[in-house]
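*Asks:* fold the stuff below for me.
(one chain, ligands or ions: 1)
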Amino acid sequence: MIKIHKSSNIPSVLTTKGSVETANLINAYHTNPSHPFSFDQSIYGHSTVKKQLIKEQHEKCCFCEAKFLDNSFGDVEHFRPKAAYKKRGASQLTYPGYYWLAYDWNNLMFSCEKCNRSYKKNEFPLNDETTRKFHHAHPNPLEKEDRLLINPIEEDPSHFITFKEEVPIAINNNLKGQTSIEVYGLERLDNSRLEHLFYLKSILPYANIDEANSVDVNEAAKYLKISTDDVVDLIKNAKALFNSAAKDSAKFALCVRCKFPYLPTI
Ligand SMILES: [Zn+2]
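*Replies:* Model (predicted):
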């Protein structure tokens, strides 16, 4: 997980139809707070919303940093669950959820289906339940909620989570890091990260060779038993990887940064 830099360019469907629907939800709460709320997926899941989230998140899941668009469509995820939420350690859902944030740009992220549907789902644990904002007019300020989940829009996940090789670890056993690793299911990608780190470890050393130096290129070709043209391609590929593998646009960027702290991140 890395920090997400959201643009202030809010998709218009959220500020038009979304604003109307938010006002309707607030009215519905005043009429009957326990009435089940319904939400319009065609607004928060609108193609313009999804496209912008995907672009701003470099086609990666907001939680696991996998690049998965070749295999599935992904979800527009609500950081604060819109319909109902689960408190820390609870087995039951609490209603209503954060209904007034259903169409709020700053509550929307792009995630893979596994992170959203199999792991995070409706979980929204707080360390201190008295800080929860229970409804749109509740006096508790949203930003003061004592969250146990890292919000990559608001904070830098690297302050809470590091990696030992492919394995995510909460820095100094901090509770927010621990809870986030568990709730987002980050350990399930250990094999994919291990494979990626192995690939980088095997290729990056070639970035140190000067492809214009024929002596070094010939030596590498002899050692690898490949042609000098292939060695030059390998070096160019390694240099490109050196410059891109730890950037925000790279998959598993936080894990890569922890393993190769000398790689450029911008
Ligand atoms: Zn994911």
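*Asks:* residues contacting whichever residue of the stretch 151-266 of the chain sits closest to the ion?
*Replies:* The ion sits closest to Tyr184 of the stretch 151-266 of the chain, with a gap of 7.2 Å, by C-beta to the ion. C-betas here are computed from N, CA, C, even on glycine. Shown in contact with Tyr184 (C-beta atoms under 8 Å, 6 or more residues apart in numbering): 1, 63-64, 115, 119-120, 149.
*Asks:* quick one: furthest residue from the center of the chain?
*Replies:* Val215 (44.5 Å; C-alpha atoms, centre = their mean).
*Asks:* in which helix or strand would I find it?
*Replies:* Following DSSP states H and E, the helix or strand that holds Val215 is helix 214-224.
*Asks:* report the buried residues of the helix or strand following that helix.
*Replies:* Going down the chain from helix 214-224, the next helix or strand is helix 228-244, by DSSP H and E. Buried residues in helix 228-244, counted by 16 or more other C-beta atoms under 10 Å: 231-232, 234-235, 238-239, 241-242.
*Asks:* residues near the closest residue to the residue of the stretch 151-266 of the chain closest to the ion other than its chain neighbours, how many?
*Replies:* The shortest distance from Tyr184 to any non-neighbouring residue, by C-beta to C-beta, 6 or more residues apart in numbering, is to Phe63 (4.2 Å). A total of 27 residues lie near Phe63 under the criterion other C-beta atoms under 10 Å.
*Asks:* correct me if wrong, but Phe63 is in a helix.
*Replies:* No - the assignment for Phe63, made by DSSP: H, G, I helix; E, B strand; the rest coil, is coil rather than a helix.
*Asks:* could you list every residue that touches it?
*Replies:* With contacts defined as C-beta under 8 Å, 6+ apart, Phe63 is in contact with 1, 111-112, 115, 119-120, 152, 184, 186.
*Asks:* now the helices for the stretch 51-200 of the chain?
*Replies:* Taking DSSP state H, counting those that start in this stretch as the criterion, the stretch 51-200 of the chain carries its helices at 113, 175-183, 190-203.
*Asks:* related to what we said a few turns ago, against which helices or strands is the helix holding Val215 packed?
*Replies:* Secondary-structure packing of helix 214-224 (3 or more C-beta pairs under 8 Å, 6 or more residues apart in numbering; DSSP states H and E): helix 228-244.
*Asks:* contacts (any at all) between the ion and whichever helix or strand comes after the helix it packs on?
*Replies:* Downstream of helix 228-244, the first helix or strand assigned by DSSP H and E is helix 253-259. No - using C-beta under 5 Å from the ion, we find that helix 253-259 stays clear of the ion, coming within 12.9 Å at best.
*Asks:* coming back round to it: from the chain's centroid, how far away is the helix holding Val215?
*Replies:* 41 Å (C-alpha atoms, centre = their mean, to the nearest Å).
*Asks:* what does that helix rub up against?
*Replies:* Residues contacting helix 214-224 (C-beta under 8 Å, 6+ apart): 206, 209-211, 227-228, 230-232, 234-235.
*Asks:* if we use 7 Å, what do you get?
*Replies:* Residues from elsewhere that reach helix 214-224, judged by C-beta atoms under 7 Å, 6 or more residues apart in numbering: 209-211, 227-228, 231-232.
*Asks:* same thing with stretch 52-61?
*Replies:* Outside stretch 52-61, the residues that touch it by C-beta under 7 Å, 6+ apart are 4-7, 11, 66-69, 76, 108-112, 115, 248-249, 251.
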